[in-house]
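> below are the sequence and a predicted model; questions follow.
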Amino acid sequence: MTVDQNISSRIDLMRIVLIFGIVLVHVPYDADASPFVEPNGTFDWIRVYLGESLFRIGVPCLSAISGYLLFQRGYERFDYRKTLMSKSRSVLLPFLLWNLSLLALVLVIEQVGMGIGYFPDLVNAGAGDWPDHAFGLSDYPVNLPLYFLRDLIVCILLSPFLAFLVRRAPAMTLGVLFALAVFPTLDVGLVLKKSILFSFTFGIFLALYRVDLKKLDRYAWPMTAALVATSALLSHGLYMTGPDFPPLLNVLRNVLSILGATAFWMLSSLLIRTRLGRRLSRTGSLSFWTFCGHYPLLVVFWMIWNRYAGAELYPIFYIGAVLLTYSLLILSNGLVLRWMPRVYAALTGNRRRTNAAGAVTQGAKLVGNQPSPAMQEQR
């Protein structure tokens, strides 16, 4: 089983769009700038809509993609040993490089009294805290969004067992994992974000049962409208009750974050037909670079902003920080790739990257007319 060009391009498109959305989820704020204290009216509602509702589908979507690509060639052709070796380079190594680098930087700046309250207190951290800060052992790592890579590693380690369960009892397996994902009181104890385990397993199901991923494309418009409307309704409830959401809204938000991934996949069938969509699908490893690098930049900008401005101007910070973060990540992605290709390869897990014309590059060499990155995931 192979992934055709349309599916592959849509996967790459979803990655870059969803990760740009994840940046919006992680824009920092404090109690005075909270969207739930209502100082900015409609602007705060939009913040809740984007950060607490719509783009919460990002992590489940990316998890399902990872599970699907891992088994896209079928169960019989899955090589566990080869997969572990490959993922140690493409997932584990970047996780360690990005997280430990930030850990060292935060430790240095906190020694001189900077960054306290913005990052974990590493100076006074106990011995039991360091495994979490460094490796996300039982809590979020210092580069907070990298919990996704941490959980992805766990899912990869469990992948043969998950595939076995999916083949023997798909409905029961997915049902149990879905319940674990949506009900906050249930805990599996293996992952930091339970929706990742369900979505990764669902991706395995799609691959092993060779589900036609284009079958529902004809419903793209109504499903997109339903996603937008449902996200808006949920956002209104969150906006009126936050920041401590009622249990029911927490469950509904978890459900939407998982089920909304299906609607977003159908939306990709529309976006890939546009010129902008096709260009975004050829941005290659920029999505991974953005994912790993955005959080430290946002926090640093928030540190600077708090020193010179107040919460009453938060909309300016929000818009400016997002635009500046995107700009610096796009710029740094190109510069590091050009000047330090080996470092870039290590930081991005040797993922495929493209130039402005859309040609695929690997290392310092140009490899023209190659399949898109998603098709190369397991090679």
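Ah, there it is.

> distance of the closest residue to Ile57 other than its chain neighbours from Ala226?
The shortest distance from Ile57 to any non-neighbouring residue, by Cβ to Cβ, 6 or more residues apart in numbering, is to Gly260 (4.1 Å). To be clear about C-beta, it is placed using only N, CA and C from the backbone, and glycine gets the same treatment. As defined by Cβ to Cβ, to the nearest Å, Gly260 lies at a distance of 9 Å from Ala226.

> more neighbours, those two?
Gly260 (26 against 15; other Cβ atoms under 10 Å).

> buried residues, the host helix or strand of the more buried one. List them.
According to DSSP states H and E, Gly260 maps onto helix 247-271. Going by neighbour count (16 or more other Cβ atoms under 10 Å), the buried part of helix 247-271 is 249-250, 252-269, 271.

> likewise stretch 339-347?
Across stretch 339-347, burial judged by 16+ other Cβ under 10 Å covers Pro341, Tyr344, Ala345, Leu347.

> is it true that the second one lies in a helix?
By that I understand Tyr344. Yes - per DSSP: H, G, I helix; E, B strand; the rest coil, Tyr344 lies within a helix segment.

> roughly how far apart are it and Phe205?
Using Cβ to Cβ, one gets 34 Å for the distance from Tyr344 to Phe205.

> same check on the last one?
Separation of Leu347 from Phe205 (Cβ to Cβ) stands at 32 Å.

> residues contacting the spatially closest residue to Leu149 that is not a sequence neighbour?
Distance criterion Cβ to Cβ, 6+ apart; nearest residue to Leu149, sequence neighbours excluded, is Phe95 at 4.2 Å. By Cβ atoms under 8 Å, 6 or more residues apart in numbering, the residues touching Phe95 are Leu146, Leu149, Arg150, Ile153.

> of those residues, closest to Val123?
For the contacts of Phe95, the residue nearest Val123 by Cβ to Cβ is Leu146; the value is 21.4 Å.

> returning to that earlier point: can you pull the contacts of the residue nearest to Ile57?
Leu54, Arg56, Ile57, Pro60, Leu227, Thr230, Ser231.

> now the two most distant members of those.
Taking Cβ to Cβ, no two of those sit farther apart than Pro60 and Thr230, at 14.9 Å.

> of these two, which one has the most company?
Pro60 (28 against 18).

> any idea of the pLDDT on the more buried one?
Confidence at Pro60, expressed as pLDDT, is 95.

> how about the one 5 residues further on?
Ile65 is assigned 96 on the pLDDT scale.

> and for Lys365?
Taking Lys365 on its own, its pLDDT is 35.

> quick one: the helices in the stretch 201-350 of the chain?
220-241, 247-271, 275-280, 286-308, 314-339, 341-347 (DSSP state H, counting those that start in this stretch).

> Serialize those helices to JSON lines and add fields for distance to Leu192 and mean pLDDT.
Output for the helices of the stretch 201-350 of the chain, formatted as JSON lines (distance: least, Cβ to Cβ, whole Å; pLDDT from 0 to 100):
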{"stretch": "helix 220-241", "distance to Leu192": "22", "mean pLDDT": "95"}
{"stretch": "helix 247-271", "distance to Leu192": "14", "mean pLDDT": "94"}
{"stretch": "helix 275-280", "distance to Leu192": "29", "mean pLDDT": "94"}
{"stretch": "helix 286-308", "distance to Leu192": "15", "mean pLDDT": "94"}
{"stretch": "helix 314-339", "distance to Leu192": "23", "mean pLDDT": "95"}
{"stretch": "helix 341-347", "distance to Leu192": "22", "mean pLDDT": "95"}
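
> could you check which helix or strand contains Cys155?
Secondary structure assignment for Cys155, by DSSP H and E: helix 147-168.

> stretch 59-79: how far from the chain's middle?
16 Å (Cα atoms, centre = their mean, to the nearest Å).

> now swap in stretch 332-347 and tell me
Taking Cα atoms, centre = their mean, the mean C-alpha location of stretch 332-347 is offset from the chain mean by 21 Å.

> give me the secondary structure label for the residue nearest to Pro247 when sequence neighbours are not counted.
The shortest distance from Pro247 to any non-neighbouring residue, by Cβ to Cβ, 6+ apart, is to Pro184 (7.1 Å). Following three-state DSSP, Pro184 is assigned to coil.

> so who does Pro184 touch?
Going by Cβ under 8 Å, 6+ apart, the list of residues near Pro184 reads Pro247, Asn250, Val251, Asn254.

> columns distance to Leu174 on top of these, output as CSV?
As requested, these are exported to CSV (distance: Cβ to Cβ, whole Å):
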residue, distance to Leu174
Pro247, 23
Asn250, 21
Val251, 17
Asn254, 15
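
> nearest to Arg10, of those residues?
Asn254 (24.9 Å).

> how close does the closest one sit to Val166?
Distance of Asn254 to Val166, computed by Cβ to Cβ: 21 Å.

> what strand or helix carries the residue most central in space within the chain?
Nearest to the geometric centre of the chain sits Val59, at 4.5 Å (Cα atoms, centre = their mean). Assigned by DSSP H and E, Val59 belongs to helix 58-70.

> nice, that's everything, thank you.
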